[in-house]
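Trainee: Show me how the following folds:
(one chain, ligands or ions: 1)
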Amino acid sequence: MDPTVAVIGATGAVGEVFLRVAEQREFPMAKLKLLASPRSAGKRLTFRGQQITVEETSEATLEGADIVFCSATSAVSKQWGPWLRERGVIMIDDGSAYRMDADVPLVVPEVNGDDLEWHNHIISIPNCTTTPLVMALNAMRQVAPLKRVTAATYQAVTGTGAAAARELMAQTEAIGRHEAIPPIEVYPQQIALNVLPQVDDFDEDDYTKEELKMRNETRKILHIDGLPFSSTCVRVPVVLSHSEAVHVEFESDAPMKQLHEALRAQEGLVIGEDPKTWVSPLQAANDDRVFVSRLRPDRSVEHGVAFWVVSDNLRKGAATNAIQIAEELIRRGKL
Ligand SMILES: NC(=O)c1ccc[n+]([C@@H]2O[C@H](COP(=O)([O-])OP(=O)(O)OC[C@H]3O[C@@H](n4cnc5c(N)ncnc54)[C@H](OP(=O)(O)O)[C@@H]3O)[C@@H](O)[C@H]2O)c1
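Mentor: Model (predicted):
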């Protein structure tokens, strides 16, 4: 029988894309419950041509769900995760609350779908910068072992949520009308016509939490403890799709031809065959695929490459990956 599905955070940036992706992929469901905070109760959202009323997230509204997609806040994930687990309900969590827990698989199905075999009802999806990166690294490590990874990101405002997208648009419109910028609420500085070299709060060693998430999650998904990794995460005035400039050093020779073949074979990834062509965030928007381009040798190390990777942060970076995990659970007979 098809599962009863609940979406916590249905009114958010990820939640709304989740509905469109579930429609497009014809994800099987007997019933769909749309849940959010009390602020959104009564709001109506369209799914498969039907209007569904959003309800407050509560024990009563979660009752009867077989699988819960949670795209809200860490506090919300922590509030409902244990409650759902006790009842044998699977929660696929978009947030960072459980990602590094030893008993929680952190999954990109095309990379480490086998980790779904040992789930204990809570399954996390990675940060939206980690997912495209591990897809590219997973392909490349088939050619030679990874020795070191460095990256700089160019992250879209929808990665912060719907309110950040509204802030960028409001500032951009004010600039266009030669008016004063409205009060800044989401970011530490104006984001329109600017770039901000800080994503999330500062943490260990003066790296930001986003930079540490990228490092720790990459190691966990690829099962490479201690992989040398450093990144600088930057917010840019782009609405949709995160971009990353990545440098990879290998333990041994990784011929370009074999790297191309491995990237071509990686499910869900498109490799630009001509290194002089590239894919922009706008071109990757509303697409489920991860795009690698500008692949070229990095002559500053003995065995290395540099490349550009782009993907839609709300799709493969969030909603699509969550739905693919559920599809994979069904395929493995685990839902
Ligand atoms: N955006 C991305 O690219 C991305 C990628 C990967 C993972 N994620 C993760 O996905 C999650 C959601 O991100 P988002 O960008 O969609 O954020 P968002 O646009 O700010 O939406 C947040 C959602 O959470 C709901 N919510 C807030 N408090 C709640 C509560 N107490 N109970 C139930 N629902 C509550 C909100 O409902 P109301 O509308 O009622 O306030 C809204 O639906 C975050 O954990 C984020 O880290 C995001």
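Trainee: In contact with the nearest residue to Leu32 once chain neighbours are set aside, which residues?
Mentor: In this structure, Leu32 finds its nearest non-sequential neighbour in Val5, 5.2 Å apart by CB to CB, 6 or more residues apart in numbering. In short, each C-beta sits where N, CA and C put it, glycine included. With contacts defined as CB atoms under 8 Å, 6 or more residues apart in numbering, Val5 is in contact with 27, 29, 31-33, 65-69.
Trainee: and the single nearest residue of the chain relative to the ligand, how many neighbours does it have?
Mentor: At 2.1 Å from the ligand, Gly12 is the closest residue in the chain, using CB to the nearest ligand atom. Here the number of neighbours of Gly12 (other CB atoms under 10 Å) works out to 23.
Trainee: My guess is it contacts Ser71. True?
Mentor: Yes. Shown here, Gly12 and Ser71 form a contact pair, counting by CB atoms under 8 Å, at 5.8 Å.
Trainee: which residues in the stretch 101-250 of the chain form helices?
Mentor: 109-112, 130-140, 162-176, 209-222 (DSSP state H, counting those that start in this stretch).
Trainee: Now that we have the ones you listed, can you turn them into CSV and tack on distance to the ligand?
Mentor: Output for the helices of the stretch 101-250 of the chain, formatted as CSV (distance: least, CB to the nearest ligand atom, whole Å):
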stretch, distance to the ligand
helix 109-112, 15
helix 130-140, 8
helix 162-176, 4
helix 209-222, 10
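Trainee: Now render those as a markdown table, adding distance to Glu249.
Mentor: Output for the helices of the stretch 101-250 of the chain, formatted as a markdown table (distance: least, CB to CB, whole Å):
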| stretch | distance to Glu249 |
| --- | --- |
| helix 109-112 | 20 |
| helix 130-140 | 11 |
| helix 162-176 | 34 |
| helix 209-222 | 14 |
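Trainee: How about stretch 33-47 and the ligand, any contact?
Mentor: Yes. Judged by CB under 6 Å from any ligand atom, stretch 33-47 comes into contact with the ligand at 36-37, 39-40.
Trainee: Flag every buried residue along that stretch.
Mentor: The neighbour-count check on stretch 33-47 (16 or more other CB atoms under 10 Å) flags 33-37, 40-41, 45, 47 as buried.
Trainee: contacting residues around the residue of the chain closest to the ligand?
Mentor: So Gly12 contacts 36, 71-72, 161-162 (CB under 8 Å, 6+ apart).
Trainee: how about 6 Å then?
Mentor: Going by CB atoms under 6 Å, 6 or more residues apart in numbering, Gly12 touches 71, 162.
Trainee: Max pairwise distance over the residues of stretch 33-47 next to the ligand: which two?
Mentor: Of all pairs drawn from these, the greatest distance, 7.2 Å, lies between Ala36 and Arg39 (CB to CB).
Trainee: count of residues packed around Phe27?
Mentor: Per other CB under 10 Å, the neighbour tally for Phe27 reads 18.
Trainee: three-state assignment of it?
Mentor: Three-state assignment for Phe27 (DSSP: H, G, I helix; E, B strand; the rest coil): coil.
Trainee: How confident is the prediction for it, by pLDDT?
Mentor: At Phe27, the model reports a pLDDT of 98.
Trainee: And for it, nearest residue in space, chain neighbours not counted?
Mentor: Ile323 (5.6 Å).
Trainee: Can you say which helix or strand has the one you found in it?
Mentor: helix 320-331 (DSSP states H and E).
Trainee: Next to the ligand, which bits of the chain? Give me the list.
Mentor: With CB under 6 Å from any ligand atom as the criterion, the chain comes near the ligand at residues 8-15, 36-37, 39-40, 57, 71-73, 76, 94-95, 128, 158-159, 161-163, 313-314, 317-318.
Trainee: Restrict those residues to the buried ones and give me that as a PyMOL selection.
Mentor: To isolate the buried subset of the residues of the chain next to the ligand in PyMOL, counting by 16+ other CB under 10 Å, use the following:
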select buried, resi 8+9+10+11+12+13+14+15+36+37+40+57+71+72+73+76+94+95+128+158+159+161+313+314+317+318
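Trainee: hmm, back to that, so which of the contacts of Val5 belong to strands?
Mentor: 31-33, 67-69 (DSSP state E).
Trainee: domain assignment for this protein?
Mentor: 4-126+318-331, 130-313 (automatic domain parsing).
Trainee: Now do the same contact list for the closest residue to Asp287 other than its chain neighbours.
Mentor: Nearest residue to Asp287 in three dimensions, chain neighbours excluded: Asp312, at 5.8 Å (CB to CB, 6+ apart). The contact partners of Asp312, by CB under 6 Å, 6+ apart, come to 241, 284-285, 287.
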